[in-house]
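Chemist: Here is a sequence together with a model predicted from it:
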Amino acid sequence: MITALISDVSGDQGLSWCEALASVCDRIIVIVLGPEVGTRLPELKKLEAQAELISVDADLATVEGQARVADCIRQMGPLTFLVHNPSRSSLFTDQPPGLDSELGFIRFQIDGLLTLVRAATAGMQERGVGYVVVGPLLDGVDRAPHVAGSRAFVEAYLDSLSTMVADSGIGIVSAAAPMPSAELARWADTAKRRASAP
């Protein structure tokens, strides 16, 4: 079973990842917020002919949402692909400046990412294969200290994580857009072979 989780389908990049992974996955889990269900799910439903689609209504900027997603990964994993596409962070930068919007941004970017990675890589390590893909964090959009600090943390965290899991068969990738279909298919084939190995 090749399973992917995409953390944010509020923007076009998230939908592009869904379309790209539908051709190589058996199941795709997408994280949506309540208001997005009516606008995004009809588009995603078109992919159900290629892969099973499961939507989880969760806000990764909250402890409750993070727990819901981590529980979903434990129940439906292990994941082969984790795609953290942080385009929803623009919701916080569009809010009036203040502590609440800054903390919401940080919780989504840092707490949300750590929750996803810890839940996903546990199963990936047991299986001996997996891919963690993280999209760009508002590059060049906002130079506010909390945005710049979050970006620096994410970059350092991914660099350290890549070293830590290097011998576990887990790839850590930063990508603004989906890889070519042939590359994703190669990753999926590698996952199937390693998962079936004794």
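Modeler: Nice, I can see it. These numbers come from a predicted model, not from an experiment. Numbering: from 1, shown residues only.
Chemist: Helix, strand, or coil at D59?
Modeler: Three-state call for D59 (DSSP: H, G, I helix; E, B strand; the rest coil): coil.
Chemist: For it, give me its contacts.
Modeler: With contact taken as Cβ atoms under 8 Å, 6 or more residues apart in numbering, D59 is in contact with L33, G65. Every C-beta, even on glycine, is put in place using the N, C-alpha and C of the backbone.
Chemist: Quick check: next helix or strand after the one helix or strand in the chain whose mean pLDDT sits lowest?
Modeler: Each helix and strand of the chain was given a mean pLDDT (mean pLDDT, DSSP states H and E); the minimum falls on helix 90-93 at a mean of 50. Next along the chain after helix 90-93, taking DSSP states H and E as the criterion, comes helix 99-106.
Chemist: What are the phi and psi values at Y157?
Modeler: Phi and psi for Y157, reported as degrees, to the nearest 10, are phi -60, psi -50.
Chemist: So what sits opposite the most centrally placed residue in the chain in the bridge?
Modeler: Geometric centre of the chain, nearest residue: H84, 2.4 Å, by Cα atoms, centre = their mean. Going by DSSP bridges, H84 is paired in beta bridges with V134.
Chemist: and it, how far is that from V69?
Modeler: H84 sits at a distance of 11 Å from V69 (criterion: Cβ to Cβ, to the nearest Å).
Chemist: what about the strands in this structure?
Modeler: 3-6, 27-32, 52-57, 81-84, 130-134, 170-174 (DSSP state E).
Chemist: now those strands in a markdown table, with mean pLDDT?
Modeler: Output for those, formatted as a markdown table (pLDDT from 0 to 100):
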| stretch | mean pLDDT |
| --- | --- |
| strand 3-6 | 92 |
| strand 27-32 | 88 |
| strand 52-57 | 87 |
| strand 81-84 | 92 |
| strand 130-134 | 91 |
| strand 170-174 | 88 |
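Chemist: And the ones you listed: which comes nearest E102?
Modeler: Smallest distance to E102 across the strands of the chain (Cβ to Cβ): 19.9 Å, for strand 81-84.
Chemist: can you pull the buried residues of that closest one?
Modeler: Under the neighbour-count criterion of 16 or more other Cβ atoms under 10 Å, strand 81-84 has F81, L82, V83, H84 buried.
Chemist: Count the residues that sit near the nearest residue to E102 once chain neighbours are set aside.
Modeler: Nearest non-adjacent residue to E102, counting by Cβ to Cβ, 6 or more residues apart in numbering: H146, 4.4 Å away. When neighbours are counted by other Cβ atoms under 10 Å, H146 registers 19.
Chemist: who are the neighbours in contact with H146?
Modeler: By Cβ under 8 Å, 6+ apart, the contact set of H146 is E102, F105, I106.
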